[in-house]
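Participant: next input, structure requested:
(one chain, ligands or ions: 1)
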Amino acid sequence: MTDAASSYSTLRWDNGRLLLLDQTALPDEERMIECRSYRDVADAIRTMKIRGAPAIGVAGAYGLALGAREIAARDREEFTRQLRAIASALLQTRPTAVNLRWALERALTVLDRFPSATVDALRDRLLDEAHAIAHEDVATNRAIGEHGASLMAPGERVLTYCNTGSLATVDYGTALGIIRTAHERGKRPLVYVCETRPYLQGARLTSWELLRYGIPGSLITDNAAGYFMSRGQVDRIIVGADRIAANGDVANKIGTYSLAVLARAHEIPFIVAAPLSTVDFRTPDGTAIPIEERRPEEVTHLAGVRVAPERMPALNPAFDVTPNHLVTAIVTDAGIAYPPFSHSLADLAKVPLGGAGDRRVAR
Ligand code: MRU
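Facilitator: Residues are numbered from 1 along each chain as shown. This is a model prediction of the structure:
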């Protein structure tokens, strides 16, 4: 991976390479990096140069397209075998966000859809599919924004968590997309941005986005959220999701669960925003969602500076699960789901109750 010319977009395909805005350098530096191989993409996802469930799904699809170009085999069977191994390597980078699996599986459908295509043609189809997934992501987010903003009254004070904006998607965002739509519709939302320890997606990334869009907001520490709720200063909480189980249990950034409990205690609506591709109908409930454990150094250090005594062990689960009974509504691109979610989500996705298709990428 090397540096490339700077101009802001979360990710874009450019002449045989994938350009990514390096999110580890924000907010101080807007630096694009280039990925020329699937290993570059896998590394960028693993090290969170790109992050956010929809964005890593799209990056994964482009990674597969890059990988297809790296396979020397001309024989379709051997090409397919190696392509599946690359998909599996990409899938292993981050386990919780199901959008990565969803995008890789969708890209692999070209193998079934073009049974007599040559290896060269398959390479082109894989790139077309990655472009299609990227393109659709923006329309999906716009739809989430419209549905979600319809819930909001003028002047609402909204608390959000982590980063769910343009940086977490191809463009526009999910939970932050709702806030953006409300702002664009003149509803004058006021945003509380939780800093989101340990990786500080709120402080570093959501703050950076809000300033760009001119949306008024304040950064607060994560542990100040209850204080503002108790004073009646929060009207709504809107968060994103990395995986939503078939019953509506929601895996999202660590700390989301605590916010949901606080929201219930203060009778504040707790809204989850996500594309339907984040709903995993193969996972019946939250107990089956794999939770990523990241390096202890993200906890013992702040912006690279050690804040805990040397040798102090630390635990660093990157996500938690909010049980469905704490969720007021799930806003998707297809509409808004209300409890009981096992029915409303299946209805929106038009899948039979209790399951979905079974096309899998081997882990
Ligand atoms: O670890 P991250 O930064 O990838 O976690 C991101 C989140 O938890 C987001 O809330 C989620 O992916 C939704 S992004 C639209």
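Participant: in stretch 177-196, which residues are buried?
Facilitator: Residues of stretch 177-196 classed as buried: 177-183, 189-196 (neighbour count, 16 or more other CB atoms under 10 Å). The C-beta positions use only the backbone N, C-alpha and C, and glycine is treated the same way.
Participant: first to last residue in it, what's the distance?
Facilitator: Its start and end residues considered, stretch 177-196 measures 18 Å (CA to CA, to the nearest Å).
Participant: what do you get for stretch 109-119?
Facilitator: Start-to-end span of stretch 109-119 (CA to CA) is 14 Å.
Participant: what sits up against that stretch?
Facilitator: Contact with stretch 109-119 is made by 71, 73-76, 79-80, 83, 121-122, 125-126, 129, 359, as judged by CB atoms under 8 Å, 6 or more residues apart in numbering.
Participant: these: which two are farthest apart?
Facilitator: Using CB to CB, those span at most 25.6 Å, a distance reached by Arg74 and Arg359.
Participant: buried stuff in stretch 142-156?
Facilitator: Arg142, Ala143, Ile144, Gly145, His147, Gly148, Ala149, Leu151, Met152, Glu156.
Participant: among the residues you listed, which ones are in helices?
Facilitator: Among the buried residues of stretch 142-156, the members falling in helices (DSSP state H) are Arg142, Ala143, Ile144, Gly145, His147, Gly148, Ala149.
Participant: from the ligand, how far out is the fourth one?
Facilitator: In this case it means Gly145. To the ligand, Gly145 is 12 Å away according to CB to the nearest ligand atom, to the nearest Å.
Participant: surely that residue and Gly177 touch.
Facilitator: Yes - counting by CB atoms under 8 Å, Gly145 touches Gly177, with 4.0 Å between them.
Participant: joint contacts of those two?
Facilitator: Common neighbours of Gly145 and Gly177 (CB under 8 Å, 6+ apart) do not exist.
Participant: residues contacting Arg236?
Facilitator: Applying CB under 8 Å, 6+ apart to Arg236 gives the contacts Leu151, Met152, Glu156, Arg157, Val158, Leu159, Ile268, Pro269, Ile271.
Participant: for the ligand, state which of the buried residues of stretch 142-156 is nearest.
Facilitator: If you rank the buried residues of stretch 142-156 by distance to the ligand using CB to the nearest ligand atom, Ile144 comes first, at 9.3 Å.
Participant: I'm done for today, thanks for sticking with me.
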